[in-house]
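K.L.:
Show me the folded form of this:
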Amino acid sequence: MVFFEALIVIFGLILFETVNSVDNAIINAHVLSTMGEKWRKRFLFVGILTSVFLVRFILPIILVWMIAPGISLADIARMYGGDSSLATEAIEAGKPLILSFAGIFLLLLYFHWLFMEKKMHLFYHEKLLKEHHKVWFFAVAAIILVVLMYFARSNPNMMLFTAVGSASFFIVYGFKETAAREEEKLVKGNTSDVSKFVYLEILDATFSFDGVIGAFAITTNLLWITIGLGIGALVVRELTIRGINTVGKYKFLKNGAMTAIGLLGAFMTVESFGLDLPVYVPTLITAAIIVYAFYASHKHLKDLKI
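P.N.:
Down below sits the predicted model:
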């Protein structure tokens, strides 16, 4: 039963990480096309070590340590081997803090995309929001923060982690905005391949932040998170080289990924206040949304060819 549950969760994490990182892969492919063969190979092989083993291995550990600083590295290491009840109990005890931090982060990420970014419309509610509705993102963000802080007022730690989650969103968003501007300079300017390599590694770490946070909506098992997100990162690297032009034509994948992120944020927020959901519910809903987005994208491509 545990093995079957692990397969479902890891599959959901791979799917979520892959679709969520399509934007990152497109930027990577754009910059890589201007790099020499030597540094391109270094990014693909050395970069795998940093993206998989550093970011997607260390970042979940940092999040766990934030909620339970008393856990030793030895406890966490044993937890990866399935042999540390102390670490598991600490994570479960601090789970509301992780969920409150991650929940508001993902909700703000979703609403920023919904109100602020240009997109093709897949779901009905996306069609209702026009360009002049951008200002409403800040109103929605403020309302969400105030409401969550109010309901968490009896738990100062939850209030703190909710505030840190919202602050983290705006910090990460700032990095992404800067990265988007720097991309054109890197491609058009006389920037060295070394600088481009460093830029892509920093970019990957920044873009992976929301994927790692979203993973905690699916499971708190660190081993499953590392395996699922790690394989997803490898898939994205492969797409970057071989099939990103094809993937980029699937215009609704971003809609599916962001809608899944919004729902995961909602699940995490609700769970942070004590409502437990079966582990397979977020996984199956995420998979269903992404599969539908893929189907809609494929149908859109076929209609264009007719």
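K.L.:
Contact partners for the closest residue to residue 213 other than its chain neighbours?
P.N.:
Nearest-residue entry for residue 213: residue 102, 4.3 Å, with adjacent residues in sequence omitted and distances by Cβ to Cβ, 6 or more residues apart in numbering. Quick note: C-beta positions are derived from backbone N, CA and C, even for glycine. For residue 102, the set of contacting residues under the criterion of Cβ atoms under 8 Å, 6 or more residues apart in numbering consists of 63, 165, 213-214, 216-217, 265, 268.
K.L.:
Residue 102 and residue 194, how far apart?
P.N.:
If you measure residue 102 against residue 194 using Cβ to Cβ, to the nearest Å, the figure is 34 Å.
K.L.:
what do you get for residue 10?
P.N.:
In terms of Cβ to Cβ, residue 10 sits 35 Å off from residue 194.
K.L.:
Which one of these two is surrounded by more residues?
P.N.:
Neighbours of residue 10 and residue 194, each counted by other Cβ atoms under 10 Å, are more numerous for residue 10; the result is 24 against 11.
K.L.:
Where does the nearest residue to the more buried one once chain neighbours are set aside sit, in terms of helix or strand?
P.N.:
Nearest residue to residue 10, sequence neighbours excluded (Cβ to Cβ, 6+ apart): residue 228, at 4.3 Å. Using DSSP states H and E, the secondary-structure element containing residue 228 is helix 222-242.
K.L.:
and what of residue 149?
P.N.:
Once you assign secondary structure using DSSP H and E, residue 149 falls within helix 136-151.
K.L.:
Format the CA atom coordinates belonging to that helix as CSV.
P.N.:
Extracted C-alpha coordinates of helix 136-151, given in CSV (Å, rounded to 0.1, in the frame of the first residue of the first chain):
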residue,chain,number,x,y,z
TRP,A,136,-7.1,44.1,-8.3
PHE,A,137,-4.2,41.8,-7.7
PHE,A,138,-2.8,44.0,-4.9
ALA,A,139,-6.3,44.3,-3.4
VAL,A,140,-6.8,40.5,-3.5
ALA,A,141,-3.3,40.0,-2.0
ALA,A,142,-3.9,42.4,0.8
ILE,A,143,-7.3,40.8,1.6
ILE,A,144,-5.9,37.3,1.6
LEU,A,145,-3.1,38.3,4.0
VAL,A,146,-5.4,40.1,6.4
VAL,A,147,-8.0,37.3,6.5
LEU,A,148,-5.3,34.6,7.1
MET,A,149,-3.6,36.7,9.7
TYR,A,150,-7.0,37.2,11.5
PHE,A,151,-7.8,33.5,11.6
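K.L.:
Check which residues of it are buried.
P.N.:
Of the residues in helix 136-151, those buried by neighbour count under the rule 16 or more other Cβ atoms under 10 Å are 137, 141, 144-145, 148-149, 151.
K.L.:
with these in mind, which one is nearest to residue 258?
P.N.:
Minimum separation from residue 258 among these (Cβ to Cβ) is found for residue 137, which lies at 13.3 Å.
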